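Chemist: okay, structure incoming, though there's no sequence with it:
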């Protein structure tokens, strides 16, 4: 078992054992694909059962890598997955300069062609998300303290995606 695997398992153990009955959800950041998400969910389910909890803990998956984006429909079909969230900043970073840093800020978020292509067919309220009663989300601006930017970002996001 890798150090990284041991670390996230320890995090799940602490959350589920200490606050599993009141934990609203567990977020899985930066998965590399459906296999990794499935492994993590299976561990959460097993730990929940060992802790004696009688409830599911919803899982929110951050789609931040090319592999997760490729597998997004398979990830959506996994048990306990409630939300898929498009992680813009890590997705842009994963392009190693092909998308400029300005595409991570408002205004301008989601306007670059590569981001738009990634988001529209896969993460806009798609029919497959409805098949599993999922919510697709994304942060439409990182400048939350600037009211005009928030409004412009929200309007653009709701109409474009």
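Modeler: Received it, and whenever you're ready, just let me know what you need. The model shown is predicted, which means the values in this text are computed figures rather than measured ones.

Chemist: for whatever helix or strand residue 16 lives in, list every residue counted as buried.
Modeler: Applying DSSP states H and E as the criterion places residue 16 in helix 3-19. If you call a residue buried by 16 or more other C-beta atoms under 10 Å, then helix 3-19 has these buried ones: 8, 12, 16. C-beta here means a position set from N, CA and C on the backbone, and glycine is covered the same way.

Chemist: same check, this time on stretch 29-49
Modeler: Buried, per 16+ other C-beta under 10 Å, within stretch 29-49: 30-31, 33-34, 36-38, 40-41, 43-45, 47-48.

Chemist: as CSV, those residues with distance to residue 74 and secondary structure would be great.
Modeler: Formatted as CSV, these follow (distance: C-beta to C-beta, whole Å; DSSP: H, G, I helix; E, B strand; the rest coil):
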residue, distance to residue 74, secondary structure
30, 17, coil
31, 11, coil
33, 8, coil
34, 4, helix
36, 11, helix
37, 9, helix
38, 9, helix
40, 14, helix
41, 12, helix
43, 18, helix
44, 18, helix
45, 17, helix
47, 23, helix
48, 22, helix
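
Chemist: any idea which of these is closest to residue 65?
Modeler: When the buried residues of stretch 29-49 are compared for distance to residue 65 (C-beta to C-beta), residue 30 wins out at 5.9 Å.
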